[in-house]
Structures are given as C-alpha cells and as structure tokens.
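S.K.: What follows is a predicted structure for the sequence shown.
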Amino acid sequence: YDFDQATSADRIRELDRSVFHSWSAQGSLDPLTIAGGEGSTVWDADGRRYLDFSSQLVNTNIGHQHPAVIRAIQEQAAVLATVAPAHAVAVRGQAAQRILSHAPAGFSKVFFTNGGADANENAIRLARLHTGRDKVISTYRSYHGNTGAAVVATGDWRRVPNEFARGHVHVFGPYLYRSEFWAETPEQESERALRHLERTIQAEGADSVAAILLETIPGTAGILLPPPGYLEGVRAIADRYGIVFILDEVMAGFARAGEWFALDGFGVTPDLITFAKGVNSGYVPVGGIVISDAIAASFDERVFPGGLTYSGHPLAMASIVGAIDAMEAEGVIENARCIGEEVLAPGLAELQDKHALIGEVRGRGVFWALELVADRATREPLAAGYIGRAKKLLLQRGLLPFTADNRIHVVPPAVVTADEVAQALAIYDEVFAALAREI
Ligand code: PLP
C-alpha cells in the first residue's frame with residue numbers, strides 16, 4: 001500500500017481544507033503544518049523546527065516519537081490490533097495494573113475510555129449510580145471535556161453553547177490572584193472557598209448531590225494550584241454529606257505536575273480519578289477512571305450500564321504499558337519535578353523580575369502559567385490582541401506556545417532538558433521585550 005505522505009506544505013494545507021476543525025470558525029483557518037517530531041521538538045512541512053512548549057494539547061509528556069512507546073504499539077499491532085472489551089486480553093490487564101501501581105491505596109479497578117471527556121462522563125455516571133443522587137458540583141474555572149455531561153460540568157465558555165445536560169451546579173474555586181472571596185492570603189482563600197462550596201451544597205440540598213468534580217490543578221483555566229488545606233477540606237465536606245469526590249487528572253497526571261498523580265503532591269485521596277493525555281502521551285486515544293474499592297463493590301452484583309466498543313483497545317493498552325515502563329525506567333517524573341524546581345521556577349521568576357507584563361508566575365513540575373497583565377497594580381488582563389501577537393513572535397523564533405485567555409502556559413514535555421528550557425527562556429525573554437516595545 002503506497003501511502004501518499006504529501007510532504008509539501010501547500011499540499012498539506014490543500015488536503016486540510018477537507019477537515020472540520022475543533023472549536024473554530026472554519027472560514028479563516030491557517031493551521032501550522034506539522035510534519036514530524038522527536039522529544040521536545042517538532043518540525044513543520046517547510047523544515048522549520050520548534051521547541052514544543054505546548055506538548056500539543058498538554059499531552060506529550062514523554063515527548064514525541066518515544067521509541068519504547070512506538071515499539072509497544074507496533075508489537076501489539078502485529079499480534080492483535082483490535083478486540084472487544086468483554087474479552088480478557090493480557091495487555092489490558094497489564095495496562096490497568098501499571099496504572100493502579102501508581103494510584104493511592106484503596107483503588108483496585110480501571111475502566112478504560114477513548115479519552116478524557118468520556119472518562120469524566122462515566123465517572124459522573126458511576127457517582128450517580130453509586131449514590132442514587134443526581135447533582136454534580138464543579139467549578140467555573142475548569143474544563144472537563146466535550147461530551148454531554150462533561151462539557152456541562154466544564155465551567156469555561158465552552159459550556160455555555162452546549163448546556164444540554166441537567167443536574168449541574170458550579171462554584172468558584174480558589175484563585176488568590178483574582179480572588180472571588182476578597183482574600184489576601186492563601187489560608188483565607190482556602191477557607192472561604194470551602195465555606196462557599198459547603199454553603200452551595202446545603203442550599204442545593206445535600207441529599208441531591210452525587211459528586212464534587214474538580215481538576216486537582218485546574219489546567220486550561222490557568223494552572224491554579226490549590227492553596228494549602230483546600231483539597232483536604234473538599235474531602236472532608238464530601239465525607240460529611242456522603243458525596244463522591246472525583247479528581248480529574250486528565251491534564252495534571254502522569255508527570256505533568258512532577259508526580260504520577262498530581263494528587264500525590266496534596267496528600268488527598270478522592271473516590272474516583274480520571275486520566276487520559278499523559279498516561280500514554282496521546283500516541284493512541286485513550287482515557288479512563290481509577291475506581292475506589294467501595295465504588296467498584298457497588299457493581300459486584302449490579303450491572304454497570306455503560307460501555308464503549310473501543311474500551312481498553314489493545315493498541316492504546318500497549319501504548320500505556322510502553323509509556324509507563326519507559327517513564328519508570330528513565331525517571332521522567334523525577335525529571336519533571338527537578339526541571340520545575342531547579343530550572344523553570346527560578347527562570348520564570350527572573351523573567352517576571354524583568355518584564356512588567358508578567359503579573360504572576362505559578363506552577364510546578366512542567367506545568368506553569370505566566371499571567372500577562374496590562375498593569376501590575378490593577379492586574380488588568382493583557383488584551384487578546386497582544387496574546388495573539390506574542391504567539392506569532394514566539395513561533396517566529398522557533399517556540400510552539402500554549403496560550404489561553406491572557407496567559408502563556410509553559411508546558412513542555414516532561415522529558416525536556418535543562419538546555420532546552422534555557423533556549424525557551426531566552427525566546428520568551430526576547431518576545432516579552434519586543435511586546436513591551438509595541439504596547
Ligand atoms: N479534563 C481535563 C482537565 C482536560 O484538560 C481535558 C482536555 O484538555 C479533558 C478533561 C478532556 O479530555 P479529552 O480531550 O481527551 O476528551
């Protein structure tokens with residue numbers, strides 16, 4: 001079979017006109033072509049190389065084209081390329097065990113989905129069936145995926161035109177830089193956000209609330225590290241009212257926050273953990289739910305009324321086994337943590353000292369946000385036009401960025417080297433200087 005690799009940029013763009021793109025008006029698209037990648041670098045069809053400080057959609061935690069993951073997929077493809085979810089196959093059990101080996105105590109089963117959205121969709125369903133209750137509480141500053149309940153659990157603008165599922169309630173989570181609670185310290189922010197959550201539960205009728213669904217570290221919403229005591233406080237509230245606590249680790253998990261699960265950094269154990277992205281770095285679409293013993297036991301005698309043709313797809317399972325084994329062997333979690341503490345934290349703080357348009361720097365591991373402001377005193381967000389301009393200037397200098405609202409998220413692969421981060425910091429520095437001259 002002679003597959004047309006269509007290597008010229010013009011031909012790729014012409015072919016792309018047949019593709020309907022996500023989250024976009026289709027009329028005026030001008031996507032960057034991507035022809036290949038390796039580690040923390042990608043290149044376009046004209047041969048221009050970029051440091052991938054977006055990790056695509058914050059998912060290539062192990063970098064591009066990791067040979068161990070590619071080999072695992074190829075070897076599984078040669079043995080059995082597809083199989084129904086009802087059958088027992090070695091690679092599926094192996095993938096589940098690899099994931100469980102990094103989960104907190106008290107979790108013994110994994111349900112596999114096709115990605116992060118349907119992981120949250122099914123976690124919500126598990127919580128509703130387990131409790132016999134209906135409502136789901138999540139935060140305004142969140143993204144949980146683009147399916148029926150997940151997109152309505154989402155807090156950001158993407159929920160609003162898609163609000164066709166019922167039983168969803170939103171609260172404000174902690175975000176000290178733009179506090180909804182007039183807080184001046186992390187402790188105040190934590191305490192007041194918890195009080196707001198508990199009062200909302202009481203006002204909604206605690207007996208009607210099935211789940212509290214939170215991203216451990218809200219990602220696309222701004223890499224909002226929870227203040228001390230917040231997640232433990234949510235755990236206590238969930239326990240007080242018999243509510244299932246779901247942590248969405250789709251973006252934060254598997255090395256992004258310098259931990260296997262970001263929750264490891266906060267000493268909190270939820271009832272359900274959803275994952276996708278970093279579990280296999282997205283080489284094959286996959287996601288899933290790590291299920292606590294108590295919730296799994298709910299379905300020992302009762303049928304779980306849910307499933308997907310590709311649940312536990314063998315190529316996805318092989319990619320999980322390959323990725324987790326390689327991450328263990330190569331110390332990828334440790335690398336992410338060390339790069340975060342020793343290179344990104346001081347390097348980004350230095351950028352903030354130099355450039356008045358950086359209002360706040362926050363993050364850990366390889367999960368950082370630069371909050372860009374027009375005025376440090378008022379914290380007025382930098383206008384969207386300048387963010388677009390920053391993106392263009394970064395691309396021109398060979399850095400593929402991730403931007404959201406008034407922020408640049410610094411989210412390289414977890415295998416990034418100190419040298420690559422140094423190159424990236426020099427590019428950000430140049431671009432912020434150029435931007436300041438234009439403002
Ligand atoms: N949850 C979080 C925290 C995410 O960041 C995302 C995607 O960005 C999702 C869920 C949805 O995952 P997917 O796009 O794989 O459905």
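M.R.: Ah, there it is.

S.K.: Give me the local confidence score for the residue of the stretch 251-400 of the chain found nearest the ligand.
M.R.: Ranked by Cβ to the nearest ligand atom, the top residue of the stretch 251-400 of the chain for proximity to the ligand is residue 251, at 3.6 Å. Every residue, glycine included, has its C-beta placed from N, CA and C. Looking at residue 251, its pLDDT is 98.

S.K.: Give the rounded mean pLDDT of stretch 344-363.
M.R.: 98.

S.K.: Just the terminal-to-terminal distance for that stretch.
M.R.: 9 Å (Cα to Cα, to the nearest Å).

S.K.: Quick check: phi and psi on the residue nearest to residue 37 when sequence neighbours are not counted?
M.R.: Leaving aside its chain neighbours, residue 37 sits nearest to residue 64 (3.1 Å; criterion: Cβ to Cβ, 6 or more residues apart in numbering). Here is the backbone geometry of residue 64 (degrees, to the nearest 10): phi -80, psi 140.

S.K.: Equivalent analysis for residue 240, please.
M.R.: Per degrees, to the nearest 10, the backbone of residue 240 is at phi -60, psi -40.

S.K.: How many neighbouring residues does it have?
M.R.: Residues near residue 240, counting by other Cβ atoms under 10 Å, number 11.

S.K.: Look at it and report its pLDDT.
M.R.: So residue 240 comes in at 98 (pLDDT).

S.K.: Next: the one 3 residues further on.
M.R.: Each residue has a pLDDT score; the one for residue 243 is 98.

S.K.: One more: residue 60?
M.R.: 98.

S.K.: just to revisit the earlier point, correct me if wrong: the residue nearest to residue 37 contacts residue 38.
M.R.: Yes: using Cβ atoms under 8 Å, residue 64 is in contact with residue 38, at 5.4 Å.

S.K.: Please say which of the two ends up with more neighbours.
M.R.: Neighbours were counted for residue 64 and for residue 38 using other Cβ under 10 Å; residue 64 has more, 21 against 14.

S.K.: Now do the same contact list for that one.
M.R.: 36-42, 52, 413 (Cβ atoms under 8 Å, 6 or more residues apart in numbering).

S.K.: Just the buried residues of the residues you listed.
M.R.: 37, 39-42, 52, 413 (16 or more other Cβ atoms under 10 Å).

S.K.: from those, which ones fall inside strands?
M.R.: 37, 41-42, 52 (DSSP state E).

S.K.: Give me the residue at the spatial middle of this structure.
M.R.: Nearest to the mean C-alpha position of the chain, counting by Cα atoms, centre = their mean, stands residue 251 at 1.5 Å.

S.K.: Sticking with that residue, tell me its helix or strand.
M.R.: Secondary structure from DSSP states H and E places residue 251 outside every helix and strand.

S.K.: How about residue 149?
M.R.: Counting by DSSP H and E, residue 149 is part of helix 148-153.

S.K.: Could I get the buried residue list for that helix?
M.R.: Within helix 148-153, the residues scored as buried using 16+ other Cβ under 10 Å are 149-153.

S.K.: Identify, from these, the entry nearest to residue 186.
M.R.: For the buried residues of helix 148-153, the residue nearest residue 186 by Cβ to Cβ is residue 153; the value is 25.7 Å.

S.K.: thought that closest one was touching residue 136?
M.R.: Yes: between residue 153 and residue 136 there is a contact under Cβ under 8 Å: 5.7 Å.

S.K.: residues touching the closest residue to the ligand within the stretch 101-250 of the chain, list them.
M.R.: Distances between the stretch 101-250 of the chain and the ligand by Cβ to the nearest ligand atom are smallest at residue 116, namely 2.3 Å. Listed by Cβ under 8 Å, 6+ apart, the contact set of residue 116 reads 144-145, 150, 248, 250-251, 274-277, 287.

S.K.: Would you map the helices across this protein?
M.R.: For the chain, the helices defined by DSSP state H occupy 9-16, 55-58, 67-79, 90-100, 116-131, 148-153, 186-204, 230-241, 293-297, 314-330, 332-338, 345-354, 384-396, 418-438.

S.K.: Please enumerate residues in contact with the second one?
M.R.: The reference is to helix 55-58. 61, 219-220, 251, 256, 277, 282, 366-367, 402, 409, 411-413.

S.K.: now the least confident helix or strand in the chain by mean pLDDT, how far from the chain's geometric center?
M.R.: Lowest by mean pLDDT, DSSP states H and E among the helices and strands of the chain is helix 9-16, with a mean of 92. Put simply, helix 9-16 sits 30 Å off its chain's centre (Cα atoms, centre = their mean, to the nearest Å).
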